[in-house]
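> Here is a sequence with its predicted model. Questions after.
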Amino acid sequence: MKVKHLLNPWRLMLLSLFFIGAAVAFTSCGDDEPTNEVIDYYVNVEEEFLVDGSTLHTDRYYNPVKRMQDAIRKAYPTPNAVGDDDAVIAACDKEHGEYVSLYDGGSEHMTCLMHVVRVLKKGGIVKQSETLMTYVYDINSTEIVE
């Protein structure tokens, strides 16, 4: 058996370099998660959009949740580290008013309840959330207030 041939110094050095290279390549040097924190906003729906207490005919009307999400994205298109609560709330207030005036006076009773939430994300994971505003849609209510 030729043991001397297998233990050639060049082969040992090449083999050891291979193992050292693999160890360096697969060793982590710390936290692999991105450290950037961003502020984002979203709509949390507490009560879904209903027309006369049902979801059967909601497709005939603009969806207030979708419109509110669009208003947020228009006012705050890209999440960043600063956020812009004032712009988001102003856009949502305007959208809520426009939506109510669009259907106010009709015969259908439309309801929905949603919250605009501010979140702090780190590496795409929500670390903290805070409800900024609550929007109640109760359009053409049949309830008599005394």
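All right, it came through fine. Values in this document were obtained by computation on a predicted structure and should not be read as measured data.
> low-scoring stretches of this protein, by residue?
Within the chain, the segments meeting pLDDT under 70 span 1-15, 17-19, 22-35, 143-146.
> If you count residues, where's the longest helix of it?
Taking DSSP state H as the criterion, the chain has its longest helix at helix 85-103.
> and it, what does it pack onto?
Packing partners of helix 85-103 (3 or more CB pairs under 8 Å, 6 or more residues apart in numbering; DSSP states H and E): helix 64-75, strand 110-122, strand 125-139. To be clear about C-beta, it is placed using only N, CA and C from the backbone, and glycine gets the same treatment.
> Reformat the ones you listed as a markdown table; add distance to residue 100.
Below are the helices and strands packed on helix 85-103 laid out as a markdown table (distance: least, CB to CB, whole Å):
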| stretch | distance to residue 100 |
| --- | --- |
| helix 64-75 | 9 |
| strand 110-122 | 9 |
| strand 125-139 | 6 |
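> For residue 89, find the nearest of those.
strand 125-139 (5.8 Å; CB to CB).
> Okay, and the beta partners of the residue nearest the centre of the chain?
By CA atoms, centre = their mean, the chain has its centre lying nearest to residue 42, at 5.7 Å. Beta-bridge partners for residue 42, by DSSP bridges, are residue 117.
> circling back: for the helices and strands packed on helix 85-103, which one sits closest to residue 93?
That would be strand 125-139 among the helices and strands packed on helix 85-103, by CB to CB, at 7.7 Å.
> Please put the alpha-carbon coordinates of the closest one into PDB.
The C-alpha trace of strand 125-139 is given here as PDB (Å, rounded to 0.1, in the frame of the first residue of the first chain):
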ATOM      1  CA  ILE A 125     -41.300  42.200  10.900                       C
ATOM      2  CA  VAL A 126     -43.700  44.300  12.900                       C
ATOM      3  CA  LYS A 127     -42.100  45.200  16.200                       C
ATOM      4  CA  GLN A 128     -44.600  47.800  17.400                       C
ATOM      5  CA  SER A 129     -48.100  49.000  16.400                       C
ATOM      6  CA  GLU A 130     -50.300  51.900  17.400                       C
ATOM      7  CA  THR A 131     -53.900  52.700  16.300                       C
ATOM      8  CA  LEU A 132     -53.900  56.300  15.000                       C
ATOM      9  CA  MET A 133     -57.600  56.700  14.000                       C
ATOM     10  CA  THR A 134     -60.800  54.700  13.900                       C
ATOM     11  CA  TYR A 135     -63.300  55.200  11.100                       C
ATOM     12  CA  VAL A 136     -66.900  54.300  11.500                       C
ATOM     13  CA  TYR A 137     -69.100  54.000   8.300                       C
ATOM     14  CA  ASP A 138     -72.800  54.100   9.200                       C
ATOM     15  CA  ILE A 139     -74.300  55.500   6.100                       C
END
